[in-house]
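Undergrad: need a 3D model of the following:
(chains A and B)
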Amino acid sequence: MSRRPKIARVRRVLIANRGEIAVRVIRTLRERGITSVAVFSEPDREALHVLLADEAYPIGPGPARESYLNPERVLETARRVKADAVHPGYGFFAENAAFAHTCAEAGLLFIGPPADVIARLGDKLAAREIARRAEVPLIPASPGPLAGVDEAGKAARAIGFPVMLKAAAGGGGKGMRIVSTEAELAAAWELARGEASAAFDDDRIYVERFIERPRHVEAQILADAKGHVAFLGERECSVQRRHQKLLEETPCPAFDPATRSAFADAACRIAKTAGYVGVGTVEFLLDADGHFYFLEVNTRLQVEHPVTEMVTGLDLVAEQIRVAEGDALWFGGDPPAPRGCAIEARILAEDPANHFLPSAGRIDRLRLPQGPGVRNDSGVTQGFQVPVFYDSLLSKLIVWGPDREIARRRLLRALDETVLEGVHHNLVFHRWLAAHPAFASARLSTRFLEEHFTAAALEPSPEAAEVALIAAALHARHERAAVALPAENRGRSPWRWAERGRSPGARR
Amino acid sequence: MKLWVAREGHDTEVEFEARGDRLWLTIEGRRLEADCRRLWDGEVYSVLIEGRSHEVRVSSPGGRLEVTLDGATIPVEVRHPLEKLLQATGPAARASGRETVVAPMPGLVVALRVRPGDVVAAGQPVVVVEAMKMQNELATRGGGVVTDVLVEERTPVSAGQALVRIAQAGS
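TA: Just a heads-up that it's a prediction; the model follows:
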């Protein structure tokens, strides 16, 4: 175990992150009377986390490696502004053991697990070894990282196709590729290695059996430094695209009490075996027969942590700070019982009608939904220029309901209320998803999109299309003589009225 | 007042009839009362059609008219009856026989999968662009013969930048 710096209470916390998660952390800090210190890259000068923090300091240009992912700049800023702790959020340094270690050496409290625990669990192969010792079921895999594509082929044949190539340092779906046949292996190998290298600076890849149509279910755990581990409920995150979660909910609709109890035990055994401290997530795949298999441990606060907060009433950022300060779990062995159901939809700057490609640009208009059971964790404001350098998460819409169906209808209502314009986004996708009969009846798997989604699903309804036509006509009438130019001149301006005014020959 | 509105190439006639401060429109044989208010932010309207409330945005990026409602953006064209006549007699759209694979978003070219002279099938990936931490394979729609590769690996590209040109087979 690494030694943690002795601090009574943190007073000044530097948030080594941006976007909605930086905003989320700032909120708890401010509620607890702790000074929140933001850092920002050049394009983030006007970002919401800068506006909301008590203090904010520049750390460099847009590319993450020169700012948010530059450990020297972040740590130098932390020292200079006399922060006593660093909250990493998720992504960036959240699961970087070297960074956590450097913080400890510099006398900064890293709000997360000890560096050696991050290192052990961050390596997926070492994490599998911990799960094996904790007697938790595992998916068949190659015993270690693979030297090259030939060795990958050999391992894949031994396990049996389809297989999954996975980055040993992986997380968040990056550096992961499904390979259905041997012919696809070489291309997938290069893509997985390229992504792993770019995302984690570590290109070790191993191969694992691909479980068809699994559900993705994860355990939220909270452990203190005295060895107590609590299970704070599960989250189902099966709706994914390219291993990126799009929508998460709690409780898992497929769980019965016996499965949940076995699942909670397995997650806690892994946390205890690993010497875990802090907030963490143990991810599992649940097969069609209700068996679960260990996937990985995320040694950070998850993007989807608000659904757990909604049903338990806990503030997980506050819990992180408490256990980092050395406190025991305040609820002892009896965590708050979850109540009702919560669903989170990730609002992303990407275009579902165009292969979900990411979209940058200015948020021209933003009106977030309100009302009963609705929470928005947003990192953007109207007028904000979404930079191209970072991930595409703009905002998270979280709803709570006394049961799943009420939560689902509330999600639809809140999506209908949301106005977001200026960048491409996936609101229409979420509306499709929340209204889909398979989703409504909780028939979920990680293949949900492949099985149900087509771009045609996003076509406007006949009513919406007619309203669009009428609105365009009303607008044209409003503009008096606004008309499109004939085909040859198209691409200039649809406002012929204005064009006419400017060109003297156009009018007699 | 009469206008033609078109979506996906399908023309629809809309006829307006204003009486006092009330407005009716006729579309596809139906007569509907409409009320339209421009909201403070200029491009946004509150539209009541037979009492049904819609909030729509009508914008014109790049010279095209787009209507955004319920989170979806729908391209629409508006023409006068005269414009419609002009368009009917104009030259037909020329089939180009060439395809240009463009960067759909700003990013970094991380891999080129083709060289000039390569024959590619429809849907085959030709270039990998990394943006927002994801690697995106960009494929040719129609396939054909690669005539130009306009970028190099590890170079940043902007949205809409041409990356690879392909001559379609048989053209």
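Undergrad: rest of the way, CA atoms for contacts and neighbours
TA: Will do.
Undergrad: in chain B, mark out all the helices, start to finish.
TA: B:81-89 (DSSP state H).
Undergrad: how is it carved up into domains?
TA: Split into domains by automatic domain parsing, chain B comes to B:2-89, B:98-167.
Undergrad: these: which one's closest to residue A:104?
TA: Nearest of these to residue A:104, taken as C-alpha to C-alpha: domain B:98-167 at 28.5 Å.
Undergrad: so does that closest one get close to chain A?
TA: Yes: using C-alpha under 8 Å from any C-alpha of the partner chain, domain B:98-167 reaches chain A at B:104-107, B:131-136.
Undergrad: among these, which one lies nearest to residue A:229?
TA: residue B:133 (33.7 Å).
Undergrad: state the pLDDT value of that closest one.
TA: As predicted, residue B:133 sits at a pLDDT of 69.
Undergrad: and for the one 4 residues further on?
TA: The predicted local distance difference test score for residue B:137 is 81.
Undergrad: how close does it get to residue A:356?
TA: 12 Å (C-alpha to C-alpha, to the nearest Å).
Undergrad: ok, back up a step: give me whichever of the domains of chain B is most buried.
TA: Across the domains of chain B, averaging neighbours per residue (mean count of other C-alpha atoms under 10 Å in any protein chain shown) puts domain B:98-167 on top, at a mean of 19.
Undergrad: kindly check the end-to-end length of that one for me.
TA: End-to-end for domain B:98-167, by C-alpha to C-alpha: 5 Å.
Undergrad: closest one to chain A out of the residues of domain B:98-167 next to chain A, please.
TA: Proximity of the residues of domain B:98-167 next to chain A to chain A (C-alpha to the nearest C-alpha) peaks at residue B:132, which lies at 4.8 Å.
Undergrad: below-threshold pLDDT in chain B: ranges please.
TA: B:41, B:62-63, B:80-96, B:133, B:169-171 (pLDDT under 70).
Undergrad: what pairs with the residue most central in space within it across the strands?
TA: In chain B, the residue lying closest to the centroid (C-alpha atoms, centre = their mean) is residue B:75, at 6.1 Å. Judged by DSSP bridges, the bridge partners of residue B:75 are residue B:66.
Undergrad: residue B:69 is in contact with that one, correct?
TA: No: applying C-alpha atoms under 8 Å as the test, residue B:75 and residue B:69 come out as separate, 11.3 Å apart.
Undergrad: tell me the secondary structure at the closest residue to residue A:139 other than its chain neighbours.
TA: In space, and not counting its chain neighbours, residue A:139 is closest to residue A:293: 6.1 Å by C-alpha to C-alpha, 6 or more residues apart in numbering or on different chains. Following DSSP: H, G, I helix; E, B strand; the rest coil, residue A:293 is assigned to strand.
Undergrad: what's the burial count for residue A:293?
TA: 23 (other C-alpha atoms under 10 Å in any protein chain shown).
Undergrad: tell me the contacts of it?
TA: By C-alpha atoms under 8 Å, 6 or more residues apart in numbering or on different chains, the contact set of residue A:293 is A:136-139, A:284-286.
Undergrad: are any of those buried, and if so which?
TA: For these, a burial check counting by 16 or more other C-alpha atoms under 10 Å in any protein chain shown picks out A:136-138, A:284-286.
Undergrad: what are the buried residues along the helix or strand where residue A:296 lies?
TA: Using DSSP states H and E, residue A:296 sits within strand A:292-298. Residues A:292-298 are the ones in strand A:292-298 that count as buried (16+ other C-alpha under 10 Å).
Undergrad: nearest to residue A:74, of these?
TA: Of all the buried residues of strand A:292-298, residue A:298 has the smallest distance to residue A:74: 22.4 Å, by C-alpha to C-alpha.
Undergrad: show me what contacts the closest one?
TA: By C-alpha under 8 Å, 6+ apart, the neighbours of residue A:298 are A:95, A:121-122, A:171, A:280-283.
Undergrad: can I get the residues you listed in TSV with secondary structure and distance to chain B?
TA: Listed next are the contacts of residue A:298 as TSV, based on DSSP: H, G, I helix; E, B strand; the rest coil; distance: C-alpha to the nearest C-alpha, whole Å:
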residue	secondary structure	distance to chain B
A:95	coil	16
A:121	helix	23
A:122	helix	19
A:171	strand	13
A:280	strand	23
A:281	strand	23
A:282	strand	24
A:283	strand	22
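Undergrad: so which pair among those is furthest apart in space?
TA: A:95 and A:283 (15.2 Å).
Undergrad: show me which of these two is the more surrounded one.
TA: The neighbour comparison of residue A:95 against residue A:283 (other C-alpha under 10 Å) goes to residue A:95, with 26 against 23.
Undergrad: was I right to think that one contacts residue A:299?
TA: Yes: using C-alpha under 8 Å, residue A:95 makes contact with residue A:299 at a distance of 6.2 Å.
Undergrad: so which two of the residues of domain B:98-167 next to chain A are the farthest from each other?
TA: Every pair of the residues of domain B:98-167 next to chain A checked by C-alpha to C-alpha; the farthest is B:104 and B:133, at 14.8 Å.
Undergrad: for chain B, list the residue farthest from the centre, please.
TA: Outermost residue of chain B (C-alpha atoms, centre = their mean): residue B:20, 37.2 Å.
Undergrad: look up how far residue A:478 lies from it.
TA: Noted for residue B:20: a distance of 16 Å to residue A:478, by C-alpha to C-alpha.
Undergrad: quick check: what element follows the strand holding residue A:296 along the chain?
TA: Next along the chain from strand A:292-298, counting by DSSP H and E, comes helix A:305-312.
Undergrad: give me the mean pLDDT for that next one.
TA: Rounded mean pLDDT across helix A:305-312 is 98.
Undergrad: so where's chain A uncertain?
TA: Scanning chain A for pLDDT under 70 picks out A:1-7, A:171-172, A:480-508.
Undergrad: just give me the longest strand of it.
TA: strand A:229-241 (DSSP state E).
Undergrad: which helices and strands does that strand pack with?
TA: Judged by 3 or more C-alpha pairs under 8 Å, 6 or more residues apart in numbering or on different chains; DSSP states H and E, the packing partners of strand A:229-241 are strand A:215-223, strand A:244-250, helix A:257-274, helix A:305-312, helix A:448-452.
Undergrad: please identify which of these is closest to residue A:386.
TA: strand A:244-250 (19.3 Å).
Undergrad: so what's residue B:120 up against?
TA: Residue B:120 touches B:140, B:143-146, counting by C-alpha under 8 Å, 6+ apart.
Undergrad: who does it form a beta bridge with?
TA: Bridge pairing for residue B:120 - DSSP bridges - gives residue B:144.
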